[in-house]
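Chemist: just need the structure, nothing else, for what follows:
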Amino acid sequence: MATSKPRLDRRIVRSRNAILSAFERLLMEKPLADITVSAIAREANVDRKTFYVHFGTVDGLLDAIAVDVVEMIVDSVEKTLASMDGDTNERALGAAATFFKTVNEALCNNLVLNRQLIENIPLDDFMARLRAPLEHEIAERDLLPQGLKDEMFDYYLAFLLSGIIGIYRTWALSDGSVPIERVSGVANDLTLNGLSSLESRLD
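Modeler: Numbers count the residues shown, from 1 in each chain. All right, here's what the predicted structure looks like:
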């Protein structure tokens, strides 16, 4: 069950959004490694102390972006599950479809910016940033099927994350000639059915 979040002061929200927007603008101009706290604060028209209060470091800002993305995806999946009746398999299919649809929307919402992030962040780092908030949200909202609550969960999650992120990373770094919906369909099939799902595509 999702818990309601405390309402944030508007000034805090404004300064946080200004910092995030400033970071996005800078990322369009230079590599991630060249972006400093001072540069972000200057671009956002806030002092460094304000940045430190919100994010601490540039790494902290990247972690916060990951948390925002994960929360948006899990919100959508939770909403889908709450609206569905039926057996576990049907609910899993509905949740998976919603998951990939939401990932597509998040990726395509600002494709140029997301390409910059993907190009600048190594795959292992990408996985690590998404894994912690994803594990937290799944546990907090009790979204994990009972049968998966065992010592193998870490392996399931590692397999899914590496595969899904790898697929979308390959697409984001390509020329974009393959529609994202088609890539999403393959990711969905592989996640739910493994390599056997490719048989129908080979005919």
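Chemist: so what's R129 closest to, chain neighbours aside?
Modeler: Nearest residue to R129, sequence neighbours excluded (CB to CB, 6 or more residues apart in numbering): A66, at 4.2 Å. The C-beta positions use only the backbone N, C-alpha and C, and glycine is treated the same way.
Chemist: that neighbour in helix, strand or coil?
Modeler: At A66 the chain is in helix, as set by DSSP: H, G, I helix; E, B strand; the rest coil.
Chemist: going forward, begin numbering at 29 instead of 1
Modeler: Got it, the first residue is 29 from now on, which makes the last one we talked about A94.
Chemist: from D115, how far out is it?
Modeler: To D115, A94 is 32 Å away according to CB to CB, to the nearest Å.
Chemist: just checking, what packs against the helix or strand bottoming out on mean pLDDT in the chain?
Modeler: Lowest on mean pLDDT, DSSP states H and E among the helices and strands of the chain sits helix 116-137, with a mean of 79. For helix 116-137, the elements it packs on are helix 86-110, helix 181-200, helix 208-221, judged by 3 or more CB pairs under 8 Å, 6 or more residues apart in numbering; DSSP states H and E.
Chemist: list the contacts for the residue nearest to R157?
Modeler: The contact partners of A94, by CB atoms under 8 Å, 6 or more residues apart in numbering, come to R157, L158, P161.
Chemist: out of those, who's nearest R42?
Modeler: P161 (23.4 Å; CB to CB).
Chemist: which secondary structure elements does the one helix or strand the closest one maps to contact?
Modeler: Counting by DSSP states H and E, the element that carries P161 is helix 151-168. Contacts defined by 3+ CB pairs under 8 Å, 6+ apart place helix 151-168 against helix 86-110, helix 181-200.
Chemist: nearest to V206, out of those helices?
Modeler: Nearest to V206, of these and by CB to CB, is helix 181-200 at 6.8 Å.
Chemist: L135 contacts N142, correct?
Modeler: Yes: when contacts are counted by CB atoms under 8 Å, L135 is listed as touching N142 (5.4 Å).
Chemist: joint contacts of the two?
Modeler: Counting by CB under 8 Å, 6+ apart, the contacts common to L135 and N142 are A200.
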